[in-house]
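**Q** Got a predicted structure plus its sequence, pasted below:
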Amino acid sequence: MRVGLLDAKMLAPLELSVLGPHLVLAALIGASCLHAAHPLIALREVALFIGLLLLARTLARCFTDDAQVRDRFLDVVAVGAAAYGVIWTLILLVGAVLQRELFSPWDIIFGFDNGRFLNHVQSISLPLAGVVLLRPGAPRWLKAAAGIALVTGGAILSLYLARASILALLVGAVVTVAVFGRASARYVLTIVGTLGTGAVVMGLLWVFWFQHASEAMTDNILSPHFRGFLVNQALSLFATSPWLGVGPMHFTNTVNLIAGHPHNVYVMVLSEYGLPATLLIFWLAVRFLRRAFSRVRRLVVHQPVLACALLAATVSMLVDSGFSGNWVMPISQMWIAVLVALLMSLGPAAKPTETAQRALPRVIGSALVLSTLVTTTGLALMEVPDDIPHLHTGQPMKKPIGEQFLSFRFWSYGWF
């Protein structure tokens, strides 16, 4: 008993040191929400991210309890990406043959409102598919599916000139080589080879066939596409409220001529949450990534392919976050949660005693989050039937400018 009491006394300051920053962050985010022009909308954004964190933690527990669950999950990723790639390729070929005058590659993306949303997913899913391709003892059909996923993925990235995703994947590969050296050679060469093959084949098809059958895909390839303007917009909003920000999701409360998000999560967080909360968020994120990196480095000894894939996918996601909207689009948000879950699953499993001690707080927290998510989902369902679905603020909807009714955040169309 004495030892138990001593252990409890020794652990108490540690638990408070871990809990303290989270409580401070919760207070700062709460203040930012209350300070926002539309507090309920700001709270809905926060509820969404809390729900994603809860999802990541739940998935991580499943992956930690049984490594086979993680393997089967990655199998589904590879097979799903292969199925998407095959269907997309067939539509591409049929469209190019039967509708030469009307054919446009942008029109054949299915399951995503915009090809860029698919590219956000590829930044994470393609590195993970490489695990299945190189897994020892995997069935041939499964390895073939992973190969098809990577080759067609490279073709899609090439045809749609997914500059942010291509850069992200390349940086991920370079960092993986720099960190793991020879241990990464097989994985990196395989990923670069399969993606590169798809890109080269698509490039040849474009030069000798599709270029004459469809609209140009190479316009303004070097253009930043107003990203500088959007970053300046975010910094201008930050200047109006540097301590608390303009409120979660509230970048989209100020209509601009370009887009409803700055295509850069780092300045978006700064403008919406304020400097103190941003510094704390980044500190917690770096702290988590350092722990994950340490676990990945230990993993490379026993499972080099999985370690390389997780490092490459993480770096790719972080780079993509500086040039795109992967943190504000629903499907890519889910994939980021999946990646976080995979990183969390590398840690030690919780002991039964620790699980029992934390059961009640976890149930209370989960119930609170679940009720909040149910409420916000109900509000969203009330808003969808509108002629132009938008967030209800109690004020007239802001009229979109030009084509900006397509400026997505997580509702269907429009600004607040």
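**A** All right, it came through fine.

**Q** For the stretch 251-400 of the chain, just list every one of the helices.
**A** Secondary structure of the stretch 251-400 of the chain (DSSP state H, counting those that start in this stretch): helices at 265-273, 275-299, 304-320, 330-344, 352-357, 359-383.

**Q** Just the buried positions in the last one, please.
**A** Read that as helix 359-383. V369, T372, L373, T376, A380 (16 or more other Cβ atoms under 10 Å). All C-beta atoms are positioned from the backbone trio N, CA, C, and that covers glycine.

**Q** one step back: can you list the helices of the stretch 251-400 of the chain in a markdown table and add distance to H390 and mean pLDDT?
**A** Putting the helices of the stretch 251-400 of the chain into a markdown table (distance: least, Cβ to Cβ, whole Å; pLDDT from 0 to 100) gives the following:
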| stretch | distance to H390 | mean pLDDT |
| --- | --- | --- |
| helix 265-273 | 19 | 97 |
| helix 275-299 | 27 | 96 |
| helix 304-320 | 27 | 98 |
| helix 330-344 | 16 | 96 |
| helix 352-357 | 43 | 56 |
| helix 359-383 | 7 | 80 |
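
**Q** any idea which helix or strand of this structure has the worst average confidence?
**A** helix 352-357 (a mean of 56; mean pLDDT, DSSP states H and E).

**Q** Can you get me the centre-to-centre distance for stretch 68-80 and its chain?
**A** How far stretch 68-80 lies from its chain's middle: 18 Å, per Cα atoms, centre = their mean, to the nearest Å.

**Q** Quick check: the gap between I191 and H302.
**A** Plainly put, I191 is 20 Å away from H302 if you go by Cβ to Cβ, to the nearest Å.

**Q** before we move on, the earlier item: right, and the helices of the stretch 251-400 of the chain - which one's nearest H120?
**A** Taking Cβ to Cβ, helix 330-344 is the member of these nearest to H120, at 3.7 Å.

**Q** distance between the closest one and the chain's centre?
**A** Relative to the chain's own centre, helix 330-344 is displaced by 6 Å; criterion: Cα atoms, centre = their mean.

**Q** now swap in stretch 243-258 and tell me
**A** Remark: stretch 243-258 is offset 20 Å from the chain centroid, using Cα atoms, centre = their mean.

**Q** Equivalent analysis for stretch 26-39, please.
**A** The gap between the average C-alpha position of stretch 26-39 and the chain average comes to 24 Å, counting by Cα atoms, centre = their mean.

**Q** which parts of it are buried?
**A** For stretch 26-39, a neighbour-count test (16+ other Cβ under 10 Å) marks L28, I29, A31, S32, C33, H35, A36, H38 as buried.

**Q** For these, give me CSV that also has secondary structure and distance to W243.
**A** Below are those laid out as CSV (DSSP: H, G, I helix; E, B strand; the rest coil; distance: Cβ to Cβ, whole Å):
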residue, secondary structure, distance to W243
L28, helix, 9
I29, helix, 13
A31, helix, 9
S32, helix, 9
C33, helix, 14
H35, helix, 9
A36, coil, 13
H38, coil, 19
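
**Q** and which of those residues is nearest to M317?
**A** Checking the buried residues of stretch 26-39 one by one against M317 (Cβ to Cβ), the nearest turns out to be I29, at 22.2 Å.

**Q** Do I have it right that that closest one meets P248?
**A** Yes: in terms of Cβ atoms under 8 Å, I29 counts as a neighbour of P248; the distance is 7.2 Å.

**Q** Pull up the overlap in contacts between the two.
**A** Taking Cβ atoms under 8 Å, 6 or more residues apart in numbering as the contact rule, I29 and P248 both touch V46, Y273.

**Q** Among the buried residues of stretch 26-39, find the lowest-pLDDT one for me.
**A** Going through those one by one, the lowest pLDDT turns up at H38, 92.

**Q** measure it to L93 for me?
**A** Between H38 and L93 the computed distance is 47 Å (Cβ to Cβ).

**Q** What of L167?
**A** 28 Å.

**Q** For these two, indicate the residue with more neighbours.
**A** Legend: neighbour count by other Cβ atoms under 10 Å for L167 and L93, higher for L167 (16 against 13).

**Q** tell me which element the closest residue to A145 other than its chain neighbours is part of?
**A** Once flanking residues are discounted, A145 sits nearest to A82: 4.0 Å by Cβ to Cβ, 6 or more residues apart in numbering. Following DSSP states H and E, the helix or strand that holds A82 is helix 67-98.

**Q** ok now that helix, how far from the chain's centre?
**A** With Cα atoms, centre = their mean as the basis, the mean position of helix 67-98 lies at 19 Å from the chain mean.
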